[in-house]
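Q: Got a predicted model here, sequence first, then my questions.
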Amino acid sequence: MPQAAPPTPADQGALRGRVALVTGGARGLGAAIATTLGAAGMRLVLADIAVQRVQDFAAVLAERDIDAIALPLDVSDPAQCAQAVDSIAARFGRLDVLVNNAAIDITAPVGALSVDDWQRIVATNLSAPFMLSKHAAALMAQQGAGHIVNITSTAAKRAWPNASAYHATKWGLLGLSHALHAELRPQGIKVTAVVAGGMRTPFLTERFPDIDTNLLQDPMQVAAVVHFVLQQPAETCVAEVTVLPMRETSWP
């Protein structure tokens with residue numbers, strides 16, 4: 001009996017012309033994701049609180065014939081999150097992909113972590129993905145399709161000292177991602193949590209200048225995994241994927 005042909009991922013052209021919003025898109029993993037998706041032909045909205053930096057990066061991508069616009073955005077502000085999605089809908093008429101990547105951390109023991117710092121970390125790392133997903137999902141539901149990618153961390157799977165707020169938000173984001181996966185799938189919206197191990201990005205190298213970068217991974221490798229999950233056929237969704245450096249010592 002002849003075997004059925006195996007399902008194949010969507011081809012490279014399937015992403016061409018689609019619209020993606022990437023938060024924290026000015027540098028680090030956000031910039032790597034933007035570069036990768038732009039090379040696949042996606043139209044990019046790069047959101048970042050660092051206005052000049054995101055404008056400069058959008059200009060760099062434009063020089064590579066990548067369609068990218070800069071969107072100054074403080075993701076901790078609910079009004080700005082709503083306006084960001086509204087402005088994308090007005091400009092493009094659709095939003096196909098939301099990548100919740102923006103995150104902050106303050107390395108301090110719980111006794112030294114101020115309430116204001118706790119609230120700022122929670123607002124950026126957890127409340128913002130909720131707010132942006134809420135507004136994006138409403139638009140995606142009208143389209144009958146869309147994909148939300150939440151960049152979480154191995155900090156959502158284990159814990160180390162002096163990062164209580166960061167762990168709380170990343171564990172929370174992983175739970176939120178799976179909850180949205182269950183809730184939004186009937187509306188044709190896919191939700192993926194990307195559990196990323198340590199990367200050679202300013203998020204780590206600027207805060208820990210003595211870190212052994214040989215134990216970290218190139219963020220472009222994580223970006224490639226984001227690209228991969230976005231290419232899956234309509235009948236398939238990757239709910240969670242873990243991407244680790246081969247030599248990372250903090251994870252089994």
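A: Okay, I see it. Numbering: from 1, shown residues only.
Q: For the stretch 101-250 of the chain, which segments count as strands?
A: All strands of the stretch 101-250 of the chain, identified by DSSP state E, counting those that start in this stretch, fall at 146-153, 189-196, 240-243.
Q: average model confidence for the first one?
A: pLDDT averaged over strand 146-153 equals 96, rounded to a whole number.
Q: which residues sit against it?
A: Applying CB atoms under 8 Å, 6 or more residues apart in numbering, the contact partners of strand 146-153 are 29, 95-101, 103, 129, 133, 136-137, 139-140, 166, 170, 173-174, 176-177, 180, 184, 188-197, 226, 229-230. C-beta here means a position set from N, CA and C on the backbone, and glycine is covered the same way.
Q: Please pick the buried ones from those.
A: Buried members of those, scored by 16 or more other CB atoms under 10 Å, are 29, 95-101, 103, 129, 133, 136-137, 139-140, 166, 170, 173-174, 176-177, 180, 184, 189-197, 226, 229-230.
Q: related to what we said a few turns ago, possible to save the strands of the stretch 101-250 of the chain as a markdown table with distance to Gln80?
A: Putting the strands of the stretch 101-250 of the chain into a markdown table (distance: least, CB to CB, whole Å) gives the following:
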| stretch | distance to Gln80 |
| --- | --- |
| strand 146-153 | 18 |
| strand 189-196 | 22 |
| strand 240-243 | 28 |
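Q: so which of those gets nearest Leu15?
A: When the strands of the stretch 101-250 of the chain are compared by CB to CB, strand 146-153 sits nearest Leu15, at 10.1 Å.
Q: Could you export the closest one as CSV, keeping only the C-alpha atoms?
A: The C-alpha coordinates for strand 146-153 follow below in CSV (Å, rounded to 0.1, in the frame of the first residue of the first chain):
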residue,chain,number,x,y,z
GLY,A,146,-2.4,34.5,13.7
HIS,A,147,0.5,33.5,15.8
ILE,A,148,1.7,34.7,19.2
VAL,A,149,5.2,33.8,20.2
ASN,A,150,6.2,34.3,23.9
ILE,A,151,9.9,34.4,24.6
THR,A,152,10.4,32.9,28.0
SER,A,153,13.5,31.5,29.5
